[in-house]
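Peer 1: 3D, please:
(2 chains)
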Amino acid sequence: DAGVIQSPRHEVTEMGQEVTLRCKPISGHNSLFWYRQTMMRGLELLIYFNNNVPIDDSGMPEDRFSAKMPNASFSTLKIQPSEPRDSAVYFCASSPDQETQYFGPGTRLLVL
Amino acid sequence: AQSVTQPDIHITVSEGASLELRCNYSYGATPYLFWYVQSPGQGLQLLLKYFSGDTLVQGIKGFEAEFKRSQSSFNLRKPSVHWSDAAEYFCAVMNTGFQKLVFGTGTRLLVSP
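Peer 2: Numbers count the residues shown, from 1 in each chain, chains lettered A, B, ... in the order given. Below you'll find the model as predicted:
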């Protein structure tokens, strides 16, 4: 079975540009999570969805960040405008049972 | 609020030696507990989990962990470490009934020849 798929794997952009990260969860999983990993703050939950509906976005750092899940097989995390402090690794994870989460390989974002 | 403490930032173990990585959590009830491993440049892979029942849980790659309620601990062990075990290990806790994983800061394992 394919695991969680994220694209792109690496992204380099300039400050002020829009960045869109993509995630395809494991088929049949009904929950999806976006995390951010930095040296300073470790792994932080940004937002999660159940059955395509956002349940908790309290971890989204500010209005520049938005996430959507238009269907069960696709989600996006958008940053507009991007800033250098957004540089991090962004992980997507999915879960079939609201308990165990399976992580994708991550997108390494660098904002110059 | 729940929290997870991994007191060791780095640990170096000789290949073939035993390993124990420490994890303590703060939570009012019995949470769900997890150990994940992250190899360089990779995502997180689930090693094992504890929800209830037998307090000694077996995971993949020869790892095991023991839940000790009295110590609020969930330490990860392996009897004989292989060079391929070098990675970063994260302990995580989840509120029962919720889905938010809270991670510790991680322990980086180095394996010496």
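Peer 1: What residues does chain B have near chain A?
Peer 2: B:32, B:34, B:36, B:42-46, B:49, B:51, B:90, B:94, B:99-106 (C-beta under 8 Å from any C-beta of the partner chain). In short, each C-beta sits where N, CA and C put it, glycine included.
Peer 1: Make a ChimeraX selection of the buried ones in those.
Peer 2: Those of these that count as buried under 16 or more other C-beta atoms under 10 Å in any protein chain shown are selected in ChimeraX with:
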select /B:32,34,36,43,44,45,46,49,90,94,99,100,101,102,103,104,105,106
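Peer 1: Just the residues of chain B next to chain A: which are in helices?
Peer 2: Counting by DSSP state H, no part of the residues of chain B next to chain A is found in helices.
Peer 1: I'd like to know how far residue A:96 sits from chain B.
Peer 2: 12 Å (C-beta to the nearest C-beta, to the nearest Å).
Peer 1: Residue A:7 now?
Peer 2: To chain B, residue A:7 is 13 Å away according to C-beta to the nearest C-beta.
Peer 1: which ones are touching that residue?
Peer 2: Contacts for residue A:7 were tallied using C-beta atoms under 8 Å, 6 or more residues apart in numbering or on different chains; they are A:21, A:22, A:107.
Peer 1: And those residues, which is closest to residue B:62?
Peer 2: Using C-beta to C-beta, residue A:107 comes nearest to residue B:62 of the contacts of residue A:7, at 30.8 Å.
Peer 1: surely that closest one meets residue A:13?
Peer 2: No: counting by C-beta atoms under 8 Å, residue A:107 stays clear of residue A:13, with 11.6 Å between them.
Peer 1: buried stuff in stretch A:77-86?
Peer 2: Neighbour count says stretch A:77-86 has A:77, A:79, A:82, A:86 buried, by 16+ other C-beta under 10 Å.
Peer 1: which outside residues touch the helix or strand residue A:69 falls within?
Peer 2: Counting by DSSP states H and E, the element that carries residue A:69 is strand A:65-71. Residues from elsewhere that reach strand A:65-71 (C-beta under 8 Å, 6+ apart): A:32, A:34, A:46-47, A:49, A:52-54, A:57, A:60, A:75-80.
Peer 1: Pairing partners for it, with directions?
Peer 2: Within its sheet, and counting by DSSP bridges, strand A:65-71 is paired with strand A:74-79 (antiparallel).
Peer 1: Keeping just the C-alphas, turn the strand it pairs with into CSV.
Peer 2: Below are the C-alpha coordinates for strand A:74-79, written out as CSV (Å, rounded to 0.1, in the frame of the first residue of the first chain):
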residue,chain,number,x,y,z
PHE,A,74,-6.4,15.5,-1.0
SER,A,75,-5.4,18.3,1.3
THR,A,76,-3.4,21.5,0.9
LEU,A,77,-1.6,23.8,3.3
LYS,A,78,-1.1,27.3,1.9
ILE,A,79,1.2,30.0,3.2
